[in-house]
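Trainee: what's the 3D shape of this:
(2 chains)
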2 protein chains.
Amino acid sequence: MGKFVLIPRPTIERLPIYLRSLTQLDENGVEVISSEELGRILGITSVQIRKDLSYFGEFGRRGVGYDVSELIQQITEILGVDCPNKLAIVGAGNLGQALARYEGFQEYGFILAAIFDSDPAKIGTEVAGQQVLAAEYIPEVVRSLGVKIGVITVPAAAAQEVATQLVSAGVRAIWNFAPVRIEAPPEVEVRQENLSVGLLALSYYIAQSG
Amino acid sequence: MGKFVLIPRPTIERLPIYLRSLTQLDENGVEVISSEELGRILGITSVQIRKDLSYFGEFGRRGVGYDVSELIQQITEILGVDCPNKLAIVGAGNLGQALARYEGFQEYGFILAAIFDSDPAKIGTEVAGQQVLAAEYIPEVVRSLGVKIGVITVPAAAAQEVATQLVSAGVRAIWNFAPVRIEAPPEVEVRQENLSVGLLALSYYIAQSG
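Mentor: All right, here's what the predicted structure looks like:
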C-alpha cells in the first residue's frame, strides 16, 4: 500500500461492512470464504464483492475463496485503522454528545481526544469521559494532542470558523454535520454529512411502492 | 411514476443533492441549466448527472439543458416529498434528540409526529415541541397518527423489539441507528445507518495520503 489509489467512494463505504462481517466469521472459526458466501450474508452480489476487493490486489484464490484473517488484516490496513486515530468533536450539543458516546467508533480504534463547545453552560461538564473544553483552546489542544480528524457539530453559522481553526491546528480530515458547505484546502479531506439523505431514501421507497 | 423502478442506491442518494442545488438556482432566478453547469457546481461529472436523471425519463433537451423548476417538481415527486411524511422516533437519548431537532428534515416536509422512550426520567419531557411518550404507546399512537417512518435510536439490545412494534403498528420504513441488524418483513424497507462509515472513509483518505 502507501501509494494513493483512486477508489470509488461506494467501494470504500462497503469496506467497513466487509470488515465487520469478516470479523464475525473469524470469531466463529471460519477460515476461508468465497465471494458468493460473503455475498449471501451481506446481500451484495459476488460480482460486486470481487470488483470491490480487486482494487487492492489479488486477495482471493480462484475456486477456493478468501483467507478470512488475511483479508481482515488487509482491509484494516487499507482503512488506516490498524493504529488508533484521534478525533476531536467541536459542538457538545445533542449530536456532538451522541457521536462522543457512539460505541461503534471504538470498535475501529477511533479515540475521542477532545470535545469543545463555546457555551459556558457546557464547558467543564463531562461527556464520554472527557471534560468539555472552551472552543478558544481548539488550536492549542488539537495540535498538541495530534488530532487528525475534526468533527463539526456546531450550528451552520459557526461551522466555517471552526473548520478554519481545525485546519490551522493541523487536522487532516473534517467530518462536517453542519448543514452548510465548508471550505478547506485540498490536502484536507472534507466529508459533508447530510442526515436528510437517509430519510429521503426511505421516502423514495415508500413513494415507489405506492 | 407509480410503477416501481429499480434505481441504484447511489443515484437515489444523489437526488437530494440535486434537489438542494436546483432549489438554490431557482431562488436565484436560474430557469435552465445544463448537466455540465450542474456538474461544475456539485463536483459531479455531467455524464453521471445525465445517467442519474435518465432513470426517470427524458427531462433535459439536448443542447439546451434542464428546465430547473420542472426538474425540481419531478425529483420532489420521485422522492415522495411532495406531500408531508410523518415519522416517529423511538429513543429520546442524545441521538434521538439530535434527530428530532435536525433542521434539514423540515426542509423536505418530514414531520416529527411522536417521540418515545422507556426511561421514566425522559417521559413527559419536551423534545422539539413534542412530549416524550412512554414506549408502551408505540402501537396505538403510531397507527392512529398514520406514521410511515420509524426511527430507532435505542440501544442495540432493544432495537428488534422496537422494530417489531413499529412494523405491527403499520410503518412502511425503518431507519435504524442501533448498531445491530434488525429483521422486518420484505414490504418494510429497512435502512441500517452505520455512523462509523463516515469516520472510516476519512481514515482511509488519511492513510492513503501518507
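Trainee: hey, let's count contacts and neighbours off CA atoms from now on
Mentor: OK.
Trainee: now do the contacts for residue A:150.
Mentor: By Cα atoms under 8 Å, 6 or more residues apart in numbering or on different chains, residue A:150 lies in contact with A:87-90, A:166, A:171, A:173-175.
Trainee: how does it look with 6 Å?
Mentor: A:87-88, A:174 (Cα atoms under 6 Å, 6 or more residues apart in numbering or on different chains).
Trainee: low-confidence stretches in chain A?
Mentor: Within chain A, the stretches with pLDDT under 70 are A:1-6, A:56-62, A:210.
Trainee: could you check how far the top helix by length along chain A is from the centre of its chain?
Mentor: Longest helix in chain A, counting residues (DSSP state H): helix A:9-27. How far helix A:9-27 lies from its chain's middle: 13 Å, per Cα atoms, centre = their mean, to the nearest Å.
Trainee: would you mark the buried spots in it?
Mentor: Buried residues in helix A:9-27, counted by 16 or more other Cα atoms under 10 Å in any protein chain shown: A:11-16, A:18-19, A:21-23, A:25-26.
Trainee: which other helices and strands contact whichever helix or strand comes after it?
Mentor: Reading on from helix A:9-27 to the C-terminus, the next helix or strand found by DSSP states H and E is strand A:32-33. In this structure, strand A:32-33 packs against strand A:66-67, with contacts taken as 3 or more Cα pairs under 6 Å, 6 or more residues apart in numbering or on different chains; DSSP states H and E.
Trainee: what's the following helix or strand after the strand it packs on?
Mentor: Of the helices and strands lying after strand A:66-67 in sequence (DSSP H and E), the nearest is helix A:68-78.
Trainee: buried residues, that next one. List them.
Mentor: Using 16+ other Cα under 10 Å as the burial criterion, the residues of helix A:68-78 that qualify are A:68-69, A:71-72, A:74-78.
Trainee: ditto for stretch A:102-110
Mentor: For stretch A:102-110, using 16+ other Cα under 10 Å, the buried residues are A:102, A:104-105, A:108, A:110.
Trainee: out of those residues, what pair is the most spread apart?
Mentor: Maximum pairwise distance among the buried residues of stretch A:102-110 (Cα to Cα): 11.7 Å, between A:102 and A:108.
Trainee: narrow the buried residues of stretch A:102-110 to those in strands?
Mentor: residue A:110 (DSSP state E).
Trainee: tell me the secondary structure for residue A:99?
Mentor: Going by DSSP: H, G, I helix; E, B strand; the rest coil, the secondary structure assigned to residue A:99 is helix.
Trainee: around chain B, pick out the residues from chain A.
Mentor: A:2, A:4, A:79-80, A:94-95, A:98, A:105, A:196, A:203-204, A:207-208 (Cα under 6 Å from any Cα of the partner chain).
Trainee: so where do the helices sit in chain A?
Mentor: A:9-27, A:35-42, A:46-54, A:68-78, A:94-100, A:103-107, A:138-145, A:156-168, A:196-208.
Trainee: in JSON lines: these, plus distance to residue B:184.
Mentor: Supplementary listing: the helices of chain A in JSON lines, determined by distance: least, Cα to Cα, whole Å:
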{"stretch": "helix A:9-27", "distance to residue B:184": "20"}
{"stretch": "helix A:35-42", "distance to residue B:184": "16"}
{"stretch": "helix A:46-54", "distance to residue B:184": "24"}
{"stretch": "helix A:68-78", "distance to residue B:184": "29"}
{"stretch": "helix A:94-100", "distance to residue B:184": "26"}
{"stretch": "helix A:103-107", "distance to residue B:184": "23"}
{"stretch": "helix A:138-145", "distance to residue B:184": "43"}
{"stretch": "helix A:156-168", "distance to residue B:184": "36"}
{"stretch": "helix A:196-208", "distance to residue B:184": "14"}
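Trainee: figure out which of these is closest to residue B:142.
Mentor: helix A:196-208 (16.3 Å).
Trainee: how many neighbours does residue A:154 have?
Mentor: 24 (other Cα atoms under 10 Å in any protein chain shown).
Trainee: can you tell me the closest non-neighbouring residue to it?
Mentor: residue A:91 (4.7 Å; Cα to Cα, 6 or more residues apart in numbering or on different chains).
Trainee: list the contacts for the one you found?
Mentor: A:116-117, A:153-154.
Trainee: try it again at 8 Å.
Mentor: Contact analysis of residue A:91 by Cα under 8 Å, 6+ apart lists A:115-118, A:152-154.
Trainee: next: residue A:7.
Mentor: Under the criterion of Cα under 8 Å, 6+ apart, the neighbours of residue A:7 are residue A:55.
Trainee: next one: it from residue B:8, what distance?
Mentor: Shown here: residue A:7 relative to residue B:8, a distance of 18 Å by Cα to Cα, to the nearest Å.
Trainee: how does chain A divide up, domain by domain?
Mentor: Split into domains by automatic domain parsing, chain A comes to A:9-78, A:85-196.
Trainee: what's the neighbour count on the nearest residue in space to residue A:32 that is not next to it in sequence?
Mentor: Of all residues not flanking residue A:32 in the chain, residue A:67 sits nearest, at 4.7 Å (Cα to Cα, 6+ apart). The local packing of residue A:67 (other Cα under 10 Å) involves 18 other residues.
Trainee: try residue A:207
Mentor: Count around residue A:207 with other Cα under 10 Å applied: 19.
Trainee: now do residue A:119
Mentor: Count around residue A:119 with other Cα under 10 Å applied: 14.
Trainee: let me see the contact set for it.
Mentor: So residue A:119 contacts residue A:134 (Cα under 8 Å, 6+ apart).
Trainee: same check, this time on residue A:34
Mentor: Counted by Cα under 8 Å, 6+ apart, residue A:34 has contacts A:64-66.
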